[in-house]
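# got a predicted structure plus its sequence, pasted below:
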Amino acid sequence: MDTISRENNNMLPIGGILVGLVGVVLGGIALAQASKANKGVADHQPAIEKVGALETQVSSASSVAEKAAKDVRDLTRSTQEAFNAVGGKLGEFQTTITKIEEAMKKPAPAPAGKKGAGGGEVVAGPGEYVVKAGDGGTKIARTLGVSIQQLQAVNPGVNWNKLSVGQKLKVPQKK
């Protein structure tokens, strides 16, 4: 057997050992690289979680922004409708104000006195006063030089809040 083994000096087992050693070395390098990669992933895990949280916040903010945009569109539409309604009313008011201004520019007719029973103007007799436009109790009392209490005393039953033009009042005696 010795002759056979000497003659058969094959390099095959040594090649197998070398290939095995190269495989072990490459496996060790791959293991080291995988370990580095796992450590890198572990180091980046908090950042990845933060990105996930940010993605959730962005999604939430996006839905809030869409709702706000819809609310703004709705508010804009309702505001425009309100302005349209108010604009129409303002146009009506402007027309009315213009008519009032034109009416005020026309000269007012001369005030005619109240007509009496005979068709003539009401005239104050002795001891009487005829109410004119703009007269009130205190103004009449001041004009006559008497107090309002004296004027009211001689004119019982007169509604001092509703004096009418042409109404006759008794004038009290000055003391």
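The structure has been received and is ready for your questions. Since the structure is predicted, the reported quantities are computational estimates derived from the model, not experimental observations.

# show me the shaky parts of the chain.
Low-confidence segments of the chain, defined by pLDDT under 70: 1-9, 106-120, 175.

# any chance you could map the strands in it?
128-130, 168-170 (DSSP state E).

# could these be laid out in JSON lines, adding mean neighbour count and distance to residue 15?
Where you see a C-beta, it was placed from the backbone N, CA and C, and this is true even at glycine. Converted to JSON lines, the strands of the chain look like this (neighbours: other CB atoms under 10 Å; distance: least, CB to CB, whole Å):
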{"stretch": "strand 128-130", "mean neighbour count": "16", "distance to residue 15": "146"}
{"stretch": "strand 168-170", "mean neighbour count": "17", "distance to residue 15": "145"}
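
# contacting residues around residue 145?
Contact analysis of residue 145 by CB atoms under 8 Å, 6 or more residues apart in numbering lists residue 174.

# quick check: phi and psi at it.
phi 80, psi 30 (degrees, to the nearest 10).

# for residue 164, same thing?
Residue torsions, per degrees, to the nearest 10, at residue 164 are phi -120, psi 150.

# just to revisit the earlier point, could I get the strands of the chain as TSV with distance to residue 11?
Below are the strands of the chain laid out as TSV (distance: least, CB to CB, whole Å):
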stretch	distance to residue 11
strand 128-130	151
strand 168-170	150
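
# give me the domain ranges for the protein.
14-108, 111-175 (automatic domain parsing).

# tell me which of those is the most buried.
domain 111-175 (a mean of 13; mean count of other CB atoms under 10 Å).

# how far out from the middle of the chain is that one?
Here domain 111-175 is found 55 Å from its chain centre; the criterion is CA atoms, centre = their mean, to the nearest Å.

# wait, which of the strands of the chain is closest to residue 144?
Closest approach to residue 144 among the strands of the chain is made by strand 128-130 (6.5 Å; CB to CB).

# who does the closest one pair with, and is each partner parallel or antiparallel?
strand 168-170 (antiparallel) (DSSP bridges).
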